[in-house]
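Visitor: Everything below, folded, please.
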Amino acid sequence: RHVMNRGGFGGYGRRGTRRSGGQSYYMMITLLVQVVRRLNQLPHKPPVTVFLLALNCCAYYAPELLGFFFLPRVSDACLRPEQIYRGQSVLAIFNPTRLLFHSVLHAHEYHLYHNMLSLLGKGIQLELKNSSGTFAFMTAFLLFGSSTLYVSLSHLASVSFGSPPSCAIGFSAVLFGYKVIAMMESSDSGRENVFFGFHVPRGVYVSWMELITIQFVHPEASFLGHLCGIVSGYAYYGLFLRPPGGGGRQNQRDRNVWSRFKSFLFGGG
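Guide: Predicted coordinates for the structure are as follows:
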């Protein structure tokens, strides 16, 4: 996520417009080539991952395809947890439009390109390992979980410490959640994690290393937004994927996810 101060979630700044002007489409073409090449290598295509890629790219490059009434402007969709006025309920900060649409809007082409490359890799990995239905549920959980947590903590910081206004957009909180889940599954299977080509021993969590690294490389990135994505990833894994007894087996994964989901919602078995 990018945070546009006084205006960004994880972002640089598109100043309230749907799309920044003057892009060359070079990154779009490069991204398209990589997506087509990767999908052609797969015997089974991941439909949810393809849908998410198309939705994010259309929201940036061709918002008219989604309909101007369907896709709000950045200023209307970014997470602005500090915007609550006298007499309003605290629930007003949890605006459904902002919680849903902020994730598909990006500050500029590099922001979109980086996130979509990450989505391509982690989306394919998780969707093919699980089912498409499970991956769709996982995405929804990470999206609303990270957004709700971000809004709550940001509003608390704004009220308590007077933190500066922000306008948060981007898909990267969900991506951090994906990375946590993939990392935990890798640890369960006994495989080592890889970080920038280096094999990282089990117990050294790559997502935390990436959180710090990205903040050094892109100081304008939303540290809190990425952190909320990591926490949401751990929450999803603990609720729906953690093997009973802490073992490493992943048998009957989809059935376990849905049974735990029903138990989580209704208290049943």
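
Visitor: Not counting its neighbours along the chain, what's nearest Leu227?
Guide: Leu211 (6.6 Å; Cβ to Cβ, 6 or more residues apart in numbering). Just so you know, the C-beta spots here come from the backbone N, C-alpha and C atoms, and that holds for glycine as well.

Visitor: Now do the helices in this protein.
Guide: In the chain, the helices defined using DSSP state H lie at 26-40, 47-61, 74-77, 96-101, 109-129, 132-161, 172-189, 206-217, 223-236, 253-266.

Visitor: Please render those as TSV that adds distance to Arg242 to the earlier fields.
Guide: Conversion of these to TSV gives the following (distance: least, Cβ to Cβ, whole Å):
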stretch	distance to Arg242
helix 26-40	30
helix 47-61	22
helix 74-77	34
helix 96-101	26
helix 109-129	15
helix 132-161	14
helix 172-189	8
helix 206-217	17
helix 223-236	10
helix 253-266	9
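
Visitor: Any chance of a markdown table for those helices, columns mean neighbour count?
Guide: Output for those, formatted as a markdown table (neighbours: other Cβ atoms under 10 Å):
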| stretch | mean neighbour count |
| --- | --- |
| helix 26-40 | 13 |
| helix 47-61 | 18 |
| helix 74-77 | 20 |
| helix 96-101 | 16 |
| helix 109-129 | 20 |
| helix 132-161 | 19 |
| helix 172-189 | 23 |
| helix 206-217 | 15 |
| helix 223-236 | 23 |
| helix 253-266 | 13 |
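
Visitor: returning to that earlier point: the residue nearest to Leu227 and Ala173 touch, don't they?
Guide: No - shown here, Leu211 and Ala173 do not form a contact pair, counting by Cβ atoms under 8 Å, at 11.1 Å.

Visitor: Now for those two: what residues contact both?
Guide: His226 (Cβ atoms under 8 Å, 6 or more residues apart in numbering).

Visitor: what's the spacing between the residue nearest to Phe223 when sequence neighbours are not counted and Leu227?
Guide: Excluding its sequence neighbours, the residue lying closest to Phe223 (Cβ to Cβ, 6+ apart) is Gln215, at 5.3 Å. Gln215 is 10 Å from Leu227, where distance means Cβ to Cβ, to the nearest Å.

Visitor: Could you pull up the residues touching the nearest residue to Leu153 once chain neighbours are set aside?
Guide: Leaving aside its sequence neighbours, Leu153 sits nearest to Leu224 (Cβ to Cβ, 6+ apart; 6.2 Å). Taking Cβ under 8 Å, 6+ apart, we find Leu224 in contact with 150, 153-154.
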